[in-house]
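Enquirer: Based on what follows, work out the 3D shape:
(one chain, ligands or ions: 3)
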Amino acid sequence: MTQPSAPISRDTIVALSSAPGRAAVAVIRLSGPEAGTSLAALCGPLPEPRRVSLRTIRDPRTSEPIDRGFALWLPGPNTQTGENAAEMHLHGGRAVIAAALDAALSIAGVRMAEPGEFTRRAFLAGKLDLAEAEGLADLLEAETEAQRRQALAQSSGALSVRINGWRDRVVEVMALVEAGIDFSDESDVTDAARAQAYDVLTPLREEIAVALADTRGERLREGFRVAILGRPNAGKSSLLNALARREAAIVAAEPGTTRDVIEVQMDLGGLPVVLVDTAGLREARDAAEMEGVRRAGEQAKAADLVIWLEDVAGRTEPEVPPEARVWRVVNKIDTAPAAEFAHRISARTGEGLDRLAAALGAAAADALNSGGSAGVTRARHRDALAAAVASIDTALDAWTDTPDEILAELLRRAADELGRVTGRVGVEEVLGRIFSTFCIGK
Ligand SMILES: Nc1nc2c(ncn2[C@@H]2O[C@H](COP(=O)(O)OP(=O)(O)OP(=O)(O)O)[C@@H](O)[C@H]2O)c(=O)[nH]1
Ligand SMILES: [K+]
Ligand SMILES: [Mg+2]
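Expert: Ligands and ions are numbered 1, 2, ... in the order given. Below is the predicted model:
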């Protein structure tokens, strides 16, 4: 990839790269020009590159031992950040970590890393592009198998390869149009080049538009939202608890128990599903309940699927926004026969819950990127692709009666928009936003 123009910091950074708090092992990483000298100051003579060696880590100011652990010396540029780097694997106690970080920070030229700064340096060194860095952030956040697969693919360049392929083809079309500019006194060449360019651009535009219309990658990052709505006492909170297998919401015999929106993250067959419990819908008795009912309506709008839960003893018509996708689910089938209903459960005995969970998993599989394909995963990608398609459409609409120079400019814009996704273009605008979402030490 091309080297972004942002300056590479000369500081050496240090951070705890393992999770904060007590643990068996803590990993402290250093990156920057002084990583080697710092490691030597902490652990004695530098170990052989890329070989683990057992050392006593000492405070360079007092020579007092802090801990015994592994030291790793990783000379650049063949490192994650492209810089000199070092690691210390210590015992993961709070005091050990605090003393080791304090000792490292006492060395001239060493400072604490900012969130995502290791990855940011890797990006600036051309070790990974922007979409790959985002994939890495997603990999750290991934909570289900499908999310992990998608994040790993994106961090390994799957989306970048696709976007770069489109960009290359736009540039190819641009070259054909520019050939027209160069040979403008030979109209045969011009016409042939234009016709060829059109034939390449049309299916390419379709391909990008199809990717743009596919929301499954973004949906997978967020999870499939299922809102449970119904009249008071239908058993909504009981259903939430039964599916989540924990007492996340309060269940009580009085109607109007739930007022707040309660969300539970679930893993259904490797797919992320967000279950949402809401206040029972009725004429509210007080201000808090009224607000709860209002929020229930909001959740119904935001959900991918609404479960309208009914008591088998008293069926009710769904009160949900007209555009909502609704499943009517009949509850409390332990109290009366209910064979005629498609979705029938007892939140109390657990009957029918496996079947309902399987149906929810199947609905999620349809709506989310469960196959691991390399689609767009963020609004940032979507915006860039939409702008690229818009630019291509402007060019196609005006194809026959527009000067070559203008067509070429429209195509250049489309190529630039595609280049934003991987960070070839417009890096400065997004750099801070993207890397600040990482934790410190990554
Ligand atoms: N017999 C039977 N009782 C149930 C079942 N599910 C829930 N209940 C009971 O119904 C009552 C209301 O249950 P909740 O889960 O609080 O109902 P809810 O829809 O969340 O009620 P609100 O939050 O007040 O709207 C409680 O007494 C539950 O124990 C069921 O499947 N069978
Ligand atoms: K209740
Ligand atoms: Mg409730």
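Enquirer: Which single residue of the stretch 101-250 of the chain ends up nearest ligand 2?
Expert: Closest residue of the stretch 101-250 of the chain to ligand 2, C-beta to the ion: Asn233 (4.8 Å). Glycine gets a C-beta too; all of them are placed from N, C-alpha and C.
Enquirer: Who are the contact partners of the closest residue in space to that residue that isn't next to it in sequence?
Expert: Nearest non-adjacent residue to Asn233, counting by C-beta to C-beta, 6 or more residues apart in numbering: Pro255, 4.4 Å away. Going by C-beta atoms under 8 Å, 6 or more residues apart in numbering, Pro255 touches 231-233, 280, 282.
Enquirer: how close does the residue nearest the centre of the chain sit to Thr394?
Expert: Nearest to the mean C-alpha position of the chain, counting by C-alpha atoms, centre = their mean, stands Asp138 at 4.0 Å. From Asp138 across to Thr394, the span is 33 Å (C-beta to C-beta, to the nearest Å).
Enquirer: How about Ala249?
Expert: For Ala249 relative to Thr394 (C-beta to C-beta), the value is 52 Å.
Enquirer: quick one: which helix or strand includes the spatially closest residue to Thr394 that is not a sequence neighbour?
Expert: By the measure of C-beta to C-beta, 6+ apart, the closest residue to Thr394 outside its immediate chain neighbours is Leu410, 5.5 Å from it. If you go by DSSP states H and E, Leu410 is part of helix 404-422.
Enquirer: tell me the phi and psi of the closest residue to ligand 2 within the stretch 301-442 of the chain?
Expert: When scored by C-beta to the ion, the stretch 301-442 of the chain has Asp311 as its residue closest to ligand 2, at 11.2 Å. Backbone torsions of Asp311, given as degrees, to the nearest 10, read phi -80, psi 130.
Enquirer: beta partners for it?
Expert: With DSSP bridges applied, Asp311 shows beta-bridge pairing to Gly314, Asn331.
Enquirer: pretty sure it is touching Ala234, no?
Expert: Yes - counting by C-beta atoms under 8 Å, Ala234 is a contact partner of Asp311 at 5.3 Å.
Enquirer: Please enumerate the shared neighbours of the two.
Expert: Counting by C-beta under 8 Å, 6+ apart, the shared contacts of Asp311 and Ala234 are Asn331.
Enquirer: Comparing these two, which shows the higher neighbour count?
Expert: Higher neighbour count among Asp311 and Ala234: Ala234, with 27 against 19, using other C-beta atoms under 10 Å.
Enquirer: which residues touch Ala347?
Expert: Applying C-beta under 8 Å, 6+ apart, we find Ala347 in contact with 235, 238-239, 241-242, 331-332, 353.
Enquirer: picking that back up, what about Ala249 and Thr394, which has more around it?
Expert: More crowded of Ala249 and Thr394, by other C-beta under 10 Å: Ala249, with 22 against 17.
Enquirer: Okay, and the closest residue to that one other than its chain neighbours sits in which element?
Expert: Closest residue to Ala249 apart from its sequence neighbours, by C-beta to C-beta, 6+ apart: Ser237 at 3.8 Å. Applying DSSP H and E as the criterion places Ser237 in helix 236-244.
Enquirer: now what about that helix, what contacts it?
Expert: Contacts to helix 236-244, defined as C-beta under 8 Å, 6+ apart, come from residues 228-230, 247-251, 257-258, 262, 264, 266, 275, 277-278, 280, 307, 309, 329, 331, 345, 347-348, 350, 353, 356-357.
Enquirer: Also near ligand 1: which of those, exactly?
Expert: Residues of those in contact with ligand 1 (C-beta under 6 Å from any ligand atom): 230, 251, 257-258, 280, 331, 347-348.
Enquirer: how close does Ala296 sit to ligand 1?
Expert: 9 Å (C-beta to the nearest ligand atom, to the nearest Å).
Enquirer: can you list the domains in the chain?
Expert: Using automatic domain parsing, the domains assigned to the chain come out as 12-126, 135-216+375-422, 229-367.
Enquirer: Would you single out the least confident of those?
Expert: In terms of mean pLDDT, the lowest-scoring of those is domain 135-216+375-422 (a mean of 91).
Enquirer: Just give the closest residue to whichever residue of the stretch 201-350 of the chain sits closest to ligand 2, not the sequence neighbours.
Expert: Closest approach between the stretch 201-350 of the chain and ligand 2, counting by C-beta to the ion: Thr257, at 3.5 Å. Once flanking residues are discounted, Thr257 sits nearest to Ile250: 5.8 Å by C-beta to C-beta, 6+ apart.
Enquirer: wouldn't that neighbour be in contact with Asp260 here?
Expert: No - taking contacts as C-beta under 8 Å, Ile250 lies outside contact range of Asp260: 9.8 Å.
Enquirer: sorry, back to before: can you say which of the contacts of Ala347 are buried?
Expert: 235, 238-239, 241-242, 331-332, 353 (16 or more other C-beta atoms under 10 Å).
Enquirer: Around ligand 3, pick out the residues from the stretch 101-250 of the chain.
Expert: When proximity is defined as C-beta under 5 Å from the ion, the stretch 101-250 of the chain approaches ligand 3 at 236-237.
Enquirer: at 8 Å instead, please
Expert: 232-233, 236-238, 240, 249-250 (C-beta under 8 Å from the ion).
Enquirer: filter those to the buried ones?
Expert: 232-233, 236-238, 240, 249.
Enquirer: Between these, which sits nearest ligand 3?
Expert: Ser237 (3.2 Å).
Enquirer: Gly423 reaches Phe123, doesn't it?
Expert: Yes - Gly423 is in contact with Phe123 according to C-beta under 8 Å; the separation is 7.0 Å.
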